[in-house]
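Asker: This is a predicted model, with the sequence first.
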Amino acid sequence: MLSLTELGKRLREAREQQNMSLEDLQKLTKIQKRYLVGIEEGNYDLMPGKFYVRAFIKQYCEAVGLNPEEIFEEYKSDIPVTQTEELPEQLSRVRTRKETPVQDSKVFDALPKILLTIGAIGIAVLIWVFAQNREMAKEEVSPETTAEVEQSKETPVPEEPVKDEEEKTNEPQNEEEDIEKQAGTEDLTEGTNIQKIVELQKSGKSAVLQLQNADEFQVEISSKGETWVGVKNGKGNSFYQGMLKSGEAKTFDFTKETEVRFNIGNTLDTEVKINGQTVPFPSNPSDQVQQIITIQYSPSDAVEASE
């Protein structure tokens, strides 16, 4: 059986592989540094409760790129469970039910009858109000209004003026010109490829996108606050890992790559552009601050033909 120190060692090695200090991890997860140290050392007595142990370990795993469910399964005998904390609450509920006086039960038995009576009275009032409104509406229809309706029926519809012979002869020519203009517009729009970014998959904070109709794959990541950014290709090679401060930006040319993975710690203050086009985050940054986005790319048909 693995010990708690081995779990802490596993988490610490994953953090160091991401080139993250405890201060960086604290900013990313909003967990106090002393709790992060307690998780790595296996000292869970520092935590405010057993529930927070599992919650903090889950956030730690997500921040360093580990799967929380796999970690919980592998170290399930070493991570505290929270079932025992629910037992006193269940016992208190049983005790409360036993101590309920008999008089209260009688009130509950009579409650359905009271509700049925109130509902019947309410329905009767609604029917009476509806009937009164209907009678008032009939009285408001005056003879003057009826006369106006009859007069409008008898008013003849004005005839449309007859077009001149010149206008009739010009109509076919105008129609031909409109058809030629429309055909010219279709010729211009045919064959043009517009860059598209299509969402293929999304689960939690992770999403997979596909870049289509693009001859190149130029990426710019800028920050207006402070955010941690990690960039790797599909083979796991790292292109950048570190903190972006306010006003800083990083540019990359991934035209020769087929898959790139972006791990963005603070999407609220981060903007990603592909070939000059701003890419909206798959999830609302207000709901999911940290997001891991994988973008698949293959050169367009135009590039393959030129090669």
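Answerer: Happy to help now that I have it. Since this is a predicted model, take the numbers as computed values, not measurements. Numbers count the residues shown, from 1 in each chain.
Asker: make it CA atoms for all contacts and neighbour counts henceforth
Answerer: Fine.
Asker: measure the closest residue in space to residue 263 that isn't next to it in sequence to residue 118 for me?
Answerer: Distances taken as CA to CA, 6 or more residues apart in numbering place residue 292 nearest to residue 263, at 4.5 Å, with adjacent residues excluded. The gap separating residue 292 from residue 118 is 56 Å, by CA to CA, to the nearest Å.
Asker: Same drill for those two, tell me which one is more crowded.
Answerer: Each of residue 292 and residue 118 has its neighbours counted (other CA atoms under 10 Å); residue 292 has more, 22 against 11.
Asker: my guess is that one is in a strand, correct?
Answerer: Yes. Under DSSP: H, G, I helix; E, B strand; the rest coil, residue 292 sits within a strand.
Asker: what bridges to it?
Answerer: For residue 292, the beta-bridge partners are residue 206, residue 263 (DSSP bridges).
Asker: Surely it and residue 266 touch.
Answerer: No. Applying CA atoms under 8 Å as the test, residue 292 and residue 266 come out as separate, 10.8 Å apart.
Asker: for the protein, which spans come out with low pLDDT?
Answerer: Counting by pLDDT under 70, the chain shows low-confidence ranges at 1-5, 82-108, 137-192, 209, 262, 300-307.
Asker: Strands of that one, residue ranges please.
Answerer: Counting by DSSP state E, residue ranges of the strands within the chain are 196-203, 206-212, 218-223, 227-233, 238-244, 249-253, 259-264, 270-274, 277-278, 291-297.
Asker: Including distance to residue 33, could those go into JSON lines?
Answerer: Supplementary listing: these in JSON lines, determined by distance: least, CA to CA, whole Å:
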{"stretch": "strand 196-203", "distance to residue 33": "29"}
{"stretch": "strand 206-212", "distance to residue 33": "26"}
{"stretch": "strand 218-223", "distance to residue 33": "24"}
{"stretch": "strand 227-233", "distance to residue 33": "17"}
{"stretch": "strand 238-244", "distance to residue 33": "18"}
{"stretch": "strand 249-253", "distance to residue 33": "28"}
{"stretch": "strand 259-264", "distance to residue 33": "21"}
{"stretch": "strand 270-274", "distance to residue 33": "24"}
{"stretch": "strand 277-278", "distance to residue 33": "35"}
{"stretch": "strand 291-297", "distance to residue 33": "22"}
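Asker: tell me the helices in this protein, going along the chain?
Answerer: With DSSP state H as the criterion, the chain has helices at 4-17, 22-29, 33-41, 50-64, 68-74, 83-98, 102-139, 143-154, 165-189, 301-306.
Asker: what's the first one packed up against?
Answerer: Helices and strands touching helix 4-17, as assessed by 3 or more CA pairs under 8 Å, 6 or more residues apart in numbering; DSSP states H and E, comprise helix 33-41, helix 50-64.
Asker: Turn those into a markdown table, including distance to residue 126.
Answerer: Below are the helices and strands packed on helix 4-17 laid out as a markdown table (distance: least, CA to CA, whole Å):
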| stretch | distance to residue 126 |
| --- | --- |
| helix 33-41 | 61 |
| helix 50-64 | 52 |
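Asker: Take the ones you listed and write them to CSV, including mean neighbour count and distance to residue 285.
Answerer: Output for these, formatted as CSV (neighbours: other CA atoms under 10 Å; distance: least, CA to CA, whole Å):
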stretch, mean neighbour count, distance to residue 285
helix 33-41, 18, 24
helix 50-64, 18, 16
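Asker: Count the neighbours of residue 204 for me.
Answerer: The local packing of residue 204 (other CA under 10 Å) involves 10 other residues.
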